[in-house]
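Asker: Fold the following for me, if possible:
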Amino acid sequence: MLFEMDNDGYDIDFLLNGVTNPSPNMSSTESPKIFPVNEGFIRGNMYVNEYKPYKNYTPMRLKGRNEREMLLLRIYELDFAINDFNLYLDLHPNDSRIYEEFKKCVKESKKLKSEYEEMYGPLCLTEDDYKNYKWDENPWPWDKMGGSMYV
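Answerer: Now for the predicted structure:
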């Protein structure tokens, strides 16, 4: 090992060689307990043992006011879980249980994005499956819908 830690708190051995020490809250042989996707999204963390609440703070629940907002919220939740699982799998590539959760979220996200785009137009600027340019026809959250998804 070249260094234990640098001044910024980064584990230099991991940055140089991909070697990491397991979290003190998780054994290296078992998968972490995970929150349901919607719960992990509002907490900003998919892992029960890694979530540290701030004092008596209760995360705010989101609720779509219509079918479009509910579908978009579910896509946001799944994409958050996909990113969080991806970060974990970068360090624990052999954890098959988390990888299965990751694959389920990817599959459902693709299905819901396809459904959303079919009903409401493109979600991403790079979408090119339409006969003409549709990006400007998709209302932004502050256009035409107004309000907020916060409950």
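
Asker: Quick check: which ranges of the chain have low pLDDT?
Answerer: Applying pLDDT under 70 to the chain flags residues 1-29, 125-151.

Asker: quick one, helices of it?
Answerer: Along the chain, counting by DSSP state H, helices occupy 12-17, 37-43, 67-91, 96-120.

Asker: Can I get those helices in TSV including distance to residue 30 and mean neighbour count?
Answerer: The way it works is simple: take the backbone N, C-alpha and C, and place the C-beta from them, glycine included. Shown next, in TSV, are the helices of the chain (distance: least, Cβ to Cβ, whole Å; neighbours: other Cβ atoms under 10 Å):
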stretch	distance to residue 30	mean neighbour count
helix 12-17	21	13
helix 37-43	18	18
helix 67-91	13	17
helix 96-120	9	15
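
Asker: Include distance to residue 54 when you put those into a markdown table, please.
Answerer: Below are those laid out as a markdown table (distance: least, Cβ to Cβ, whole Å):
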| stretch | distance to residue 54 |
| --- | --- |
| helix 12-17 | 27 |
| helix 37-43 | 11 |
| helix 67-91 | 18 |
| helix 96-120 | 26 |
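
Asker: Which one, of the ones you listed, ends up nearest to residue 57?
Answerer: Judged by Cβ to Cβ, the one of the helices of the chain that comes nearest to residue 57 is helix 37-43, at 10.1 Å.

Asker: Just the C-alphas of the closest one, formatted as PDB.
Answerer: Only the C-alpha atoms of helix 37-43 are listed here, as PDB (Å, rounded to 0.1, in the frame of the first residue of the first chain):
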ATOM      1  CA  VAL A  37     -37.100   2.000  -4.400                       C
ATOM      2  CA  ASN A  38     -39.500   4.800  -3.500                       C
ATOM      3  CA  GLU A  39     -38.200   4.900   0.100                       C
ATOM      4  CA  GLY A  40     -34.500   5.000  -1.000                       C
ATOM      5  CA  PHE A  41     -35.300   7.800  -3.400                       C
ATOM      6  CA  ILE A  42     -36.800  10.100  -0.700                       C
ATOM      7  CA  ARG A  43     -34.000   9.200   1.800                       C
END
